[in-house]
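Asker: no FASTA, just this:
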């Protein structure tokens, strides 16, 4: 069901209908210039700090490292690739997650009541080998209904060369695919599903400050950064107020469940959904979960 436009909505009907049809919508100017500058400044600081470490560091609320680096990370070639729950260590990231035009866009799509589930930064430094295999977000964060939006804010310009998000438009209307294969949680869909998604893939590019709004069931992936420019995404996962988590948060945060628009409806809406429960990550990020799984015939690719 497409919700009524909220008062002061910054998306029009055509954009709302496109999101529900395709499962994805890219919109410019999702944050103010001042907010974007603050995000970039903090990210530059984290990359500089990463040069002082030879592996993951920091700690999130469940004791796992907050900052994760790509294998091969070094002082000369830093490869910081993930910051878990940056809203806990950055006022700039918290401000954008709870009070920016991006949040108003999400409210237009799933509102008027919206809760924050978790946040993270996925980064690809210049020449980074970091890639993401085809998957859907919902099996990582199952809820009582699928009114969830993953908002991927482009902190840098995202081009065809620096590892943009690739999506399979309309796949959110299809099945929820398992991320388990031969008893192992791979974090990726089966090879044949990935191949089919790749055939119709569309790249989501845009200038810094744009946001890619993605339905939680949309199949997506991304390739390594082949350019000499970084590609940083601030990712916020939001749910409708009446969507309740059915599994532990893979990126736990003190901000989980924070109402960012509207009010807590104090009710649960359920839908007829079937999904395999995820494996709770023991490593710094899901990148390692995907890397630790060895693709075999018929498995995630």
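Answerer: The structure has been received and is ready for your questions. Keep in mind that this is a model prediction, so the values were computed, not measured.

Asker: Could you use CA atoms for every contact and neighbour count after this?
Answerer: OK.

Asker: Could you list the low-pLDDT ranges of the stretch 151-300 of the chain?
Answerer: Residues of the stretch 151-300 of the chain that meet the criterion pLDDT under 70 lie in 284-300.

Asker: ranges for the strands of it?
Answerer: 165-167, 180-181, 184-185, 202-204, 211-215, 220-222, 231-240, 258-261 (DSSP state E, counting those that start in this stretch).

Asker: quick one, which of those strands is nearest to residue 98?
Answerer: Residue 98 lies closest, by Cα to Cα, to one member of those: strand 258-261, at 5.4 Å.

Asker: Show me how far that closest one is from its chain's centre.
Answerer: Computed by Cα atoms, centre = their mean, to the nearest Å, the chain-centroid distance of strand 258-261 equals 18 Å.

Asker: what residues does it touch?
Answerer: In this structure, residues lying in contact with strand 258-261 by Cα atoms under 8 Å, 6 or more residues apart in numbering are 98-99, 103-104, 107, 111-117, 241.

Asker: and that strand, which strands flank it?
Answerer: Counting by DSSP bridges, the strands paired with strand 258-261 are strand 114-124 (antiparallel).

Asker: Residue 239 reaches residue 115, doesn't it?
Answerer: Yes. If you go by Cα atoms under 8 Å, residue 239 and residue 115 touch, sitting 5.3 Å apart.

Asker: the helices in the stretch 151-300 of the chain, which residues?
Answerer: Using DSSP state H, counting those that start in this stretch, the helices found in the stretch 151-300 of the chain span residues 191-199, 286-292.

Asker: Tell me how many other residues crowd the residue nearest to residue 214 when sequence neighbours are not counted.
Answerer: Closest residue in space to residue 214, ignoring its immediate chain neighbours: residue 24 at 4.5 Å, by Cα to Cα, 6 or more residues apart in numbering. A count of neighbours around residue 24, defined by other Cα atoms under 10 Å, yields 25.

Asker: Same question for residue 268.
Answerer: So residue 268, with other Cα under 10 Å, has 11 neighbours.

Asker: any idea how far it is from residue 242?
Answerer: 5 Å (Cα to Cα, to the nearest Å).

Asker: And for this protein, the residue most distant from the center?
Answerer: Within the chain, residue 76 marks the point farthest from the mean C-alpha position, 28.1 Å out by Cα atoms, centre = their mean.

Asker: With residue 167 as the reference, measure out to that one.
Answerer: 33 Å.

Asker: do residue 222 as well
Answerer: Distance from residue 222 to residue 167, by Cα to Cα: 9 Å.

Asker: the more surrounded of the two?
Answerer: Remark: of residue 222 and residue 167, residue 167 carries more neighbours, 26 against 18, as counted by other Cα under 10 Å.

Asker: residues in contact with the more buried one?
Answerer: With Cα under 8 Å, 6+ apart, residue 167 has these contacts: 24, 197, 201-204, 218-221.

Asker: do that again at 10 Å, thanks
Answerer: 22-24, 134-136, 197-198, 200-204, 214, 218-222 (Cα atoms under 10 Å, 6 or more residues apart in numbering).

Asker: which residue sits closest to it, ignoring its sequence neighbours?
Answerer: residue 220 (4.3 Å).

Asker: same thing with residue 19?
Answerer: That would be residue 25: by Cα to Cα, 6+ apart, it lies 5.3 Å from residue 19.

Asker: Please enumerate the strands of the stretch 1-150 of the chain.
Answerer: 24-27, 67-69, 80-84, 114-124, 132-135, 148-154.

Asker: ok so, going back, the residue farthest from the centre of the chain reaches residue 51, doesn't it?
Answerer: Yes. At 7.7 Å, residue 76 counts as touching residue 51 under the criterion of Cα atoms under 10 Å.

Asker: my read: residue 186 touches residue 279, true?
Answerer: Yes. Residue 186 sits in contact with residue 279 when judged by Cα under 10 Å, with a separation of 9.2 Å.

Asker: For the strands of the stretch 1-150 of the chain, give me CSV that also has distance to residue 142.
Answerer: Below are the strands of the stretch 1-150 of the chain laid out as CSV (distance: least, Cα to Cα, whole Å):
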stretch, distance to residue 142
strand 24-27, 19
strand 67-69, 24
strand 80-84, 19
strand 114-124, 11
strand 132-135, 14
strand 148-154, 10
